[in-house]
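>>> structure for this input, please:
(2 chains, ligands or ions: 1)
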Amino acid sequence: MIGNAGDMNVVVCVKQIPDPANPGSLDANNNLDRSSKLIIDDSDMYGVEMALQLVHAAGSGEVSLVSMAPNGETAGLRTALAMGAEKAVLVSDDTLKGSDALGTAKVLAAAIKRIEGADLILAATESSDGYTGTTPVQVAEILGLPSVTFAKHIEVDGSTVKVQRQTEAGYDEVTCPLPALVTVTAGVVEPRYPSFKGIMAAKGKPLDQVTVADLGIDAAQVGGDGAGQKITNVTAAEARKAGEVVVDEGDAFQKIVAFLDQLKVI
Amino acid sequence: MAKVWVLAESAGGKVSSLSLELLTKARELGDTVEAVAWGADTASIAGDLGAHGASTVHDLGDLGTSLPGVSVAAAIAAAIEAGTGPDILLVGQSYDGRDVAGRLSAKLDKPVLTNVVGLAAGEPPVASHAIFGGATIVEATFTGSAPFIYAVRPKSFAAEPSGGSATVAPLSVPETGATNAATVVDRHVEERSGPQLDEAAVVVSGGRGLGEAANYAMIEELAKLLKGAPGASRAIVDAGWVPYAYQVGQTGKTVKPTLYIAAGISGATQHMVGMKGSKNIIAINKDQEAPILQIADLGIVGDVHKVLPQLIEALKARS
Ligand SMILES: Cc1cc2nc3c(=O)[nH]c(=O)nc-3n(C[C@H](O)[C@H](O)[C@H](O)COP(=O)(O)OP(=O)(O)OC[C@H]3O[C@@H](n4cnc5c(N)ncnc54)[C@H](O)[C@@H]3O)c2cc1C
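Reported below is the predicted structural model:
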């Protein structure tokens, strides 16, 4: 899979999601409603930025994107292309509706294979809307690649990636030969804003839109039917009731002290 | 009935509380409960695993400097293929737990139910998930055949000993090849004193409303006075004011203390999902409309720069 010596080719998995600023809802099939305009998942901006920086540091190579989204959605991919990625593969197909993490991983792995010479595959540790957090590792297993999850710092040194991986206690320094898949946490880098020039350039960049059949995947393996899991019930959680709300007039701390006394924590 | 395996994670000779929570729940889901463990000294944790319901500890031994995900998944997959594996596998929604679940799922071509916060016995068991910041509970189950893999969030169940004991049986790790090439070359432990964030009876968290990093000292001081642990919203973790280990929420720690104090935190759904289970909540926020005030037992509409120093002084005066 390794490309030309010296080149650093990075593929970033990019999810396009409903704007998290709006309250989410479930559709008639209890899938997350994705019928609204989709945007790039904020969590993936870090992967795109990291990829751009790694390619820049290597001096040559390019950043490619893969995404699976309904209705031929490209808005989020255009954002990442405007940031500086060179090209994208979008898998959009009605049969994908209701796919679970494993089905999504099969699709993304097949899409990644369409891109020649990938040295490094980056993804977010989890998406903002579904947050199963298993898809990237499933992709790595399907592609037969090693993986390092929860990276808070990434460097590439020749054909090795060096990662600071978050742990319960702090972080581990992990090294891994390329090609490999790495998942990045928020804050790993500060994503750039697309410039006006970037936005204009993005319009002309190659965006390869493919179907499940184009990828050679059996449609029964993906989508709601391939998911192997079903929702049996949806209920509103028991709401936590609001207690007393006090506007501070300079003595609210006494209210707190009284509350602490009552709880016997002091 | 079903055979349940639980991924037993440990550090420094101590089983993670999440693994003990899973063992406790596993006793309701099947008639055979066994644990899968790895590390240099598995024998030392077998007692605790047995006491929480494991009859056998499948011991992978010391995995050396490799990350556990690939090896552990390969060993479990081999056991399943040999017909000696589990019908149900419970893993914690932790760093390594998610790696194991993802690897195993793709290897076996079986789905995973993730972010599980409740499990009810059944064939297969039904999982519940809290979505939209915990406002909606979704129940889901598998439609295919065993093994069924569930990744469970911390603090979903209480850990209770059953008084049993476990025998340790070695489980070999098959050849893993190129997928297992990641190597840990160094481990960094971020020192913090006082109780663990996810075990403390009192948690005092600060958010962007503190204004600047230096003001986090007020959070630490208050936490210390209450013998609690300091925590944080993601906004100030991302801003670099405090390490990631302090983060409470969907992508951080889940806490269920007796008392949670949120100072200058708005109460985004992703934050609330990590602290909503607290017995009592006090929130200090200058914005009357802040969502955190809608779930607080005591909400103070006020400025943290005024309320916190006054509170700290008052508590100091009493101690
Ligand atoms: C996928 C994903 C995962 C996430 N995971 C997490 C997570 O695990 N944990 C988490 O916390 N967040 C998480 N977030 C981020 C979350 O959405 C919010 O952005 C974050 O919680 C906001 O932090 P905050 O409350 O400190 O900041 P803000 O939302 O900016 O709120 C600051 C609050 O301080 C108040 N304030 C300002 N000045 C004062 C003052 N002087 N006195 C009193 N009050 C004041 C304001 O009124 C405001 O309510 C996640 C987001 C995504 C997309």
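>>> please make it C-alpha for all contacts and neighbour counts, starting now.
OK.
>>> quick one: low-confidence parts of the stretch 151-266 of chain A?
For the stretch 151-266 of chain A, no stretch is flagged by pLDDT under 70.
>>> for it, just list every one of the helices.
Along the stretch 151-266 of chain A, the stretches classed as helices by DSSP state H, counting those that start in this stretch are A:196-202, A:223-226, A:252-263.
>>> save those as TSV, and put in distance to B:Gly299 and mean neighbour count too.
Rendered in TSV, the data for those read as follows (distance: least, CA to CA, whole Å; neighbours: other CA atoms under 10 Å in any protein chain shown):
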stretch	distance to B:Gly299	mean neighbour count
helix A:196-202	45	16
helix A:223-226	44	20
helix A:252-263	9	16
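>>> quick one: contacts of stretch A:140-154?
Identification of contacts with stretch A:140-154 by CA atoms under 8 Å, 6 or more residues apart in numbering or on different chains yields A:50, A:105-106, A:109, A:125, A:137, A:161-166, A:174, A:176, A:179-188, B:95, B:99, B:103, B:106-107, B:178-182.
>>> follow-up on the earlier one: show me the one of the helices of the stretch 151-266 of chain A that comes nearest the ligand.
Closest approach to the ligand among these (CA to the nearest ligand atom): helix A:252-263, 12.8 Å.
>>> close to the ligand, is that closest one?
No. Helix A:252-263 stays clear of the ligand (CA under 6 Å from any ligand atom), getting no nearer than 12.8 Å.
>>> wondering if that helix reaches chain B at all.
Yes. Using CA under 8 Å from any CA of the partner chain, helix A:252-263 reaches chain B at A:252-254, A:256-257, A:259.
>>> what does stretch A:112-127 give?
No. Stretch A:112-127 is not in contact with chain B by CA under 8 Å from any CA; minimum separation 8.7 Å.
>>> flag every residue of the stretch 201-319 of chain B that's near chain A.
The stretch 201-319 of chain B has residues B:226, B:238-239, B:245, B:282, B:293-302, B:306-308, B:310-311, B:314-315 near chain A, with proximity defined as CA under 8 Å from any CA.
>>> and these, which are buried?
B:226, B:238, B:245, B:282, B:293-302, B:307-308, B:310-311, B:315 (16 or more other CA atoms under 10 Å in any protein chain shown).
>>> out of these, list just those in strands.
Counting by DSSP state E, those place B:282, B:298-301 in strands.
>>> ok, back up a step: out of the residues of the stretch 201-319 of chain B next to chain A, who's near the ligand?
For the ligand, the contacts drawn from these by CA under 6 Å from any ligand atom are B:Gly302.
>>> how many neighbours does the residue lying closest to B:Phe157 once chain neighbours are set aside have?
In this structure, B:Phe157 finds its nearest non-sequential neighbour in B:Glu21, 5.5 Å apart by CA to CA, 6 or more residues apart in numbering or on different chains. Per other CA atoms under 10 Å in any protein chain shown, the neighbour tally for B:Glu21 reads 23.
>>> residues contacting B:Glu21?
Residues near B:Glu21 by CA under 8 Å, 6+ apart: B:154-160.
>>> which of the residues you listed are buried?
Buried, going by 16+ other CA under 10 Å: B:154-157, B:159, out of these.
>>> so can I have TSV of those residues showing secondary structure and pLDDT?
Formatted as TSV, the buried ones among the contacts of B:Glu21 follow (DSSP: H, G, I helix; E, B strand; the rest coil; pLDDT from 0 to 100):
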residue	secondary structure	pLDDT
B:Pro154	coil	95
B:Lys155	coil	94
B:Ser156	coil	95
B:Phe157	coil	96
B:Ala159	coil	97
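>>> ok, these vs chain A, which is closest?
Distance to chain A across the buried ones among the contacts of B:Glu21 (CA to the nearest CA) is lowest for B:Pro154, with 12.6 Å.
>>> for the closest residue to the closest one other than its chain neighbours, what are its contacts?
Excluding its sequence neighbours, the residue lying closest to B:Pro154 (CA to CA, 6+ apart) is B:Leu18, at 5.4 Å. Applying CA under 8 Å, 6+ apart, we find B:Leu18 in contact with B:92, B:153-155.
>>> can you pull the pLDDT of B:Leu18?
The model reports B:Leu18 with a pLDDT of 96.
>>> that one: which element?
The secondary structure element spanning B:Leu18 is helix B:17-29 (assigned by DSSP states H and E).
>>> could you point out the helix or strand that follows that helix?
As the chain continues past helix B:17-29, the following element, by DSSP H and E, is strand B:32-37.
>>> okay, buried residues for the very next helix or strand once past that following strand please.
Note on strand B:32-37: by DSSP H and E, the next helix or strand toward the C-terminus is helix B:43-51. For helix B:43-51, burial by neighbour count (16+ other CA under 10 Å) applies to B:43, B:45-51.
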